[in-house]
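[1] Sequence isn't available, so here's the structure alone:
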């Protein structure tokens with residue numbers, strides 16, 4: 001694993017169109033990027049080096065944006081809304097199964113069901129978007145209005161989570177590709 005300073009040196013070497021950077025600028029870079037774990041920064045720097053199209057050194061803000069995109073993945077408001085609605089149907093089925101499994105005289109009123117948010121979400125952005133929307137409000141909302149409302153709240157949630165990541169308040173593990181198996185080391 002490379003240190004923060006080695007990653008910054010790689011960036012400065014690769015993107016030197018503005019001339020060499022001063023020691024003070026390197027120190028400021030290190031201070032502004034210290035919230036990013038060193039192994040994550042190394043991966044972000046490698047991605048920037050392989051994809052950046054201009055020869056000028058990226059700003060710390062650009063590096064943090066690249067890091068956030070790496071951690072959060074692409075925005076998927078439609079897919080996550082589908083997850084929320086599917087999860088609600090699943091919770092509703094569980095309630096129905098529990099309700100109808102009781103003897104008739106012990107069931108109580110059917111109207112006691114109130115949609116409650118799940119305990120776990122697929123990611124922090126979805127959890128924050130549901131918090132902003134309100135679980136019950138989102139479920140009972142008009143279909144045509146819901147998609148537009150969700151998209152706006154999802155964008156706000158993504159921005160909020162991104163700021164918390166960039167400020168160092170959240171530390172997430174790097175996303176693992178779902179279609180790649182872990183390679184096991186074999187002693188020779």
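    Structure's in. What do you need? Given the structure is predicted, the values throughout are model-derived calculations rather than measurements.
[2] Which element, helix or strand, includes residue 6?
    Element membership for residue 6, per DSSP states H and E: helix 4-14.
[3] Quick one: list the elements packing against the helix or strand following that helix.
    Per DSSP H and E, the first helix or strand lying C-terminal to helix 4-14 is helix 23-33. Judged by 3 or more CB pairs under 8 Å, 6 or more residues apart in numbering; DSSP states H and E, helix 23-33 is in contact with helix 4-14, helix 60-72. Heads up, the C-betas are built off the backbone N, CA and C, glycines and all.
[4] Check the secondary structure at residue 74 for me.
    Reducing the assignment at residue 74 to three states with DSSP: H, G, I helix; E, B strand; the rest coil gives coil.
[5] Give me the number of neighbouring residues for it.
    6 (other CB atoms under 10 Å).
[6] roughly how far apart are it and residue 158?
    Separation of residue 74 from residue 158 (CB to CB, to the nearest Å) stands at 10 Å.
[7] and if you look at residue 73?
    For residue 73 relative to residue 158 (CB to CB), the value is 10 Å.
[8] who has more neighbours, those two?
    A count of neighbours by other CB under 10 Å puts residue 158 above the other of residue 73 and residue 158, at 22 against 10.
[9] From the contact counts, what lies against the helix holding residue 6?
    helix 23-33, helix 38-51.
[10] which ones are touching the spatially most central residue of the chain?
    The centre of the chain sits closest to residue 72, judged by CA atoms, centre = their mean, with a distance of 2.9 Å. By CB atoms under 8 Å, 6 or more residues apart in numbering, the contact set of residue 72 is 123, 124, 125, 158, 161, 162, 165.
[11] since we're on residue 115, how many residues are nearby?
    Residue 115 - counted by other CB under 10 Å - has 16 other residues nearby.
[12] meant to ask about residue 166
    Residue 166, neighbours per other CB under 10 Å, totals 21.
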